[in-house]
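S.K.: just need the structure, nothing else, for what follows:
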Amino acid sequence: MSFSPEELDRYARHIVLRELGGPGQARLKAASVLVVGAGGLGAPALLYLAAAGVGHISLVDDDTVSLSNLQRQVIYVSADAGRPKAEAAAERLSALNPHTVIETHALHLGPDNVHELVAGRDLVLDGTDSFATRYLVNEAAVAARVPLISGALSQWEGQISLFAPHLGAPCYACVFPRPPAPGLAPDCAEAGVLGALAGVIGAMMAAEAVKHIASAGQGLAGSLMIYDCLYAETRKMRVARREDCPVCGAGR
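M.R.: You can find the predicted model right below:
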């Protein structure tokens, strides 16, 4: 895959990286990535994926921009209040990198469309705050044999992992077999969240996506990384597939 002189200049800092180089940048250009949610995690992840030169980005979000989003959803500006997030985000991404094709889906992701949205992608990123959506995306990714990078955050703490049973790693349901009981995991509106933490975890999601697509370094397949921003601590624990997992287990 060839690059124009403008692209070579744009991606020069990537291309000189020994672990990425021209071949890795070509893989990024050829990649198709689905990002579910253009909110706190999706916003920074989308910006870095587009800046990195991912060739095709598809984003799904049925929400509109509110002023309370702007404390952490850095892809939007004040004038975007009331606009569909998918529309406003696509506008920023195209302005950032016109070489990236942006496909928008301003709709609610559900059982009737999730498989179609996931099919044919090289990677899925899920940054939603809905457990129902997380489980739904995980099931579709497992069925399509598409790796899934999932991030989550609350207050001062975030977590991230790459789920891919077809590569020997667990799926999301292996690690989180059931959602927490009502009230145990309040959303950001109720519990609060540090704005910059969303940027940290969202950027980590984009970094893991670039590494996975370009086959650079070691990713988070089989590991769950937890970042405690308040006490500046990072922990990484091993996670494994469950043979009895109803989504990816041996009985499936």
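
S.K.: ok, longest helix in this structure?
M.R.: helix 195-214 (DSSP state H).

S.K.: past that helix, which element shows up next along the chain?
M.R.: Where DSSP states H and E defines the elements, the next helix or strand beyond helix 195-214 is strand 223-228.

S.K.: that following strand versus helix 195-214: what angle between them?
M.R.: 160 degrees (axes from the mean of the first three to the mean of the last three Cα atoms, to 10 degrees).

S.K.: contacts for strand 223-228, please.
M.R.: 156-161, 175, 197, 200-201, 204, 233-239 (Cβ atoms under 8 Å, 6 or more residues apart in numbering). For the C-beta atoms, the positions are set from N, CA and C on the backbone; glycine is no exception.

S.K.: and the buried ones among the residues you listed, selectable in PyMOL?
M.R.: Remark: buried members of these, expressed as a PyMOL selection using 16 or more other Cβ atoms under 10 Å:
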select buried, resi 157+158+159+160+161+175+197+200+201+204+239
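
S.K.: just the contacts of strand 223-228: which are in helices?
M.R.: 175, 197, 200-201, 204.

S.K.: how many other residues sit next to Leu67?
M.R.: 11 (other Cβ atoms under 10 Å).

S.K.: for this structure, what spans make up the strands?
M.R.: Along the chain, counting by DSSP state E, strands occupy 32-36, 56-60, 101-105, 123-126, 148-154, 157-163, 223-228, 233-238.

S.K.: mean pLDDT and distance to Ser78 added to those, as CSV?
M.R.: Formatted as CSV, the strands of the chain follow (pLDDT from 0 to 100; distance: least, Cβ to Cβ, whole Å):
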stretch, mean pLDDT, distance to Ser78
strand 32-36, 98, 23
strand 56-60, 98, 21
strand 101-105, 97, 21
strand 123-126, 98, 26
strand 148-154, 96, 23
strand 157-163, 97, 26
strand 223-228, 98, 29
strand 233-238, 96, 33
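
S.K.: who wins for proximity to Ala189 among the ones you listed?
M.R.: When the strands of the chain are compared by Cβ to Cβ, strand 148-154 sits nearest Ala189, at 11.1 Å.

S.K.: packing partners for that closest one?
M.R.: Here strand 148-154 touches strand 123-126, helix 131-144, strand 157-163, helix 188-191, helix 195-214, going by 3 or more Cβ pairs under 8 Å, 6 or more residues apart in numbering; DSSP states H and E.

S.K.: mean neighbour count, the ones you listed: which tops it?
M.R.: The highest average neighbour count among the helices and strands packed on strand 148-154, using mean count of other Cβ atoms under 10 Å, belongs to strand 123-126 at a mean of 26.

S.K.: what lines up beside that strand in the sheet?
M.R.: strand 32-36 (parallel), strand 148-154 (parallel) (DSSP bridges).

S.K.: how far away is Pro165 from Leu125?
M.R.: 17 Å (Cβ to Cβ, to the nearest Å).

S.K.: ok, Leu96 next?
M.R.: 17 Å.

S.K.: next: Glu157.
M.R.: Counting by Cβ to Cβ, the gap from Glu157 to Leu125 is 19 Å.

S.K.: in space, what's closest to Thr128 - neighbours in sequence excluded?
M.R.: Leaving aside its sequence neighbours, Thr128 sits nearest to Gly37 (Cβ to Cβ, 6 or more residues apart in numbering; 4.1 Å).
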